[in-house]
Structures are given as structure tokens and as C-alpha cells.
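Chemist: Give me the fold of what follows.
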Amino acid sequence: MDIALIGKGCLRVKGKNASFLVDPAISTPKTQTDAIVLLRQSVSTQISPKIEGSRIIIVGPGEYEVSGVKILTTRVGDSLVARVDVDSVKLLIGSGISIEKIHDNAPECDVAVINSDKDFNQGVLTSLEPKVLLIYGEGKEEVVKSLGKSEASKLSKFSITSEKLPAEMQVFLLE
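Modeler: Below you'll find the model as predicted:
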């Protein structure tokens with residue numbers, strides 16, 4: 001499974017059988033995808049005409065399945081948090097503030113993908129106990145410092161399989 005940041009604030013998650021975009025914008029480059037997930041209501045529902053193949057656009061809470069990828073979205077205020085099972089890896093995707101709000105009820109995850117675009121209590125991230133923490137957004141360096149890390153590797157794409165999940169939490173920045 002691969003996770004990459006394409007454009008500003010748009011994630012592409014690609015598994016063996018399906019791929020999906022999270023929060024694409026009108027400026028998102030040409031991309032093939034099976035599904036689109038809009039976590040923020042502030043994201044325009046006007047999707048780039050360069051995005052091809054999407055069979056579903058997820059804008060509300062619910063349970064979805066696209067080509068074997070299970071997507072569970074939960075409403076948190078005016079945003080969504082997504083729990084996604086891709087290739088036997090459990091992802092938790094959302095903004096830092098949304099994760100903070102559901103922190104006590106957050107589902108178990110192997111990889112947490114956090115948009116740090118607003119101030120939030122970064123301490124909730126360690127309580128999630130993910131094996132991998134991927135951070136993107138405006139405040140990503142501040143989050144790394146608050147977690148007690150001197151620095152984190154910067155990646156354009158992160159790849160992982162369920163067999164290669166680390167024993168202790170690793171932190172990476174998506175750029």
C-alpha cells in the first residue's frame with residue numbers, strides 16, 4: 001500500500017486492488033482513482049475534471065466498500081474521520097482537531113495519517129498507538145517537536161505492507 005501527498009492537501013492511497021483520493025481540489029493533477037473521500041466540508045465538492053475512474057464520492061458518515069477496500073467514515077463536527085482497511089493495514093485519516101475530538105473512541109489503527117492544518121493537542125496522537133504516524137499540513141514540524149522527536153524523515157510517498165509494520169511508532173512527514 002502506498003500513501004502520497006499530491007497537490008496541496010490531497011492524499012492518494014493506493015492498494016493492490018483499489019486507489020482513492022482524500023480531499024482532492026480543483027487543482028489536483030491528472031489522477032486515476034476508484035473513490036474520492038471528502039473529509040472536510042470546506043473542500044469544494046467541485047472535483048477536478050482531471051480525476052478519472054471514480055465510482056463513488058464519499059461526503060458523509062457511513063460504511064463503504066470499493067474493490068475490497070473498506071471505508072468507515074464518522075462525522076466529527078463539520079468534518080469526517082475515515083478508518084480504512086487497505087491490504088490488511090488499518091488506516092486512520094483525519095485532521096488533528098477531529099482526531100482530538102474522537103480520541104477516546106478512535107478506532108484501532110496501524111497507520112495514522114494526520115492533517116495538522118490547525119492547532120490541536122498533539123498528545124492524543126501517541127495515545128492512538130499507531131505503528132506509523134504520517135503528518136502533513138501547515139503545522140507538521142510543530143507536531144514532530146511536540147512528540148519529542150528532533151526531526152522526522154520527509155517523504156513524498158510512504159509504502160508499507162502489514163508484514164513490515166514496525167514494532168515501535170515511527171513518525172514521517174509527507175511533503
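Chemist: Can you mark which positions in the helix or strand in which Phe158 is found are buried?
Modeler: Assessed by DSSP states H and E, Phe158 sits inside strand 157-159. Buried residues in strand 157-159, counting neighbours by 16 or more other Cβ atoms under 10 Å, are found at Phe158. C-beta coordinates here come from the backbone N, C-alpha and C atoms, glycine included.
Chemist: Next, the buried residues of whatever helix or strand comes next after it.
Modeler: Downstream of strand 157-159, the first helix or strand assigned by DSSP H and E is strand 170-174. Going by neighbour count (16+ other Cβ under 10 Å), the buried part of strand 170-174 is 170-174.
Chemist: So which of the residues you listed is the closest to Ile71?
Modeler: Here the nearest of those to Ile71, counting by Cβ to Cβ, is Leu174; it sits at 19.6 Å.
Chemist: For the closest one, give the beta-bridge partners.
Modeler: Partner residues in beta bridges with Leu174, using DSSP bridges, are Leu155.
Chemist: got the contact list for it?
Modeler: Residues touching Leu174, when contacts are defined by Cβ atoms under 8 Å, 6 or more residues apart in numbering, comprise 3-5, 11, 113, 134-136, 140, 155-156, 158.
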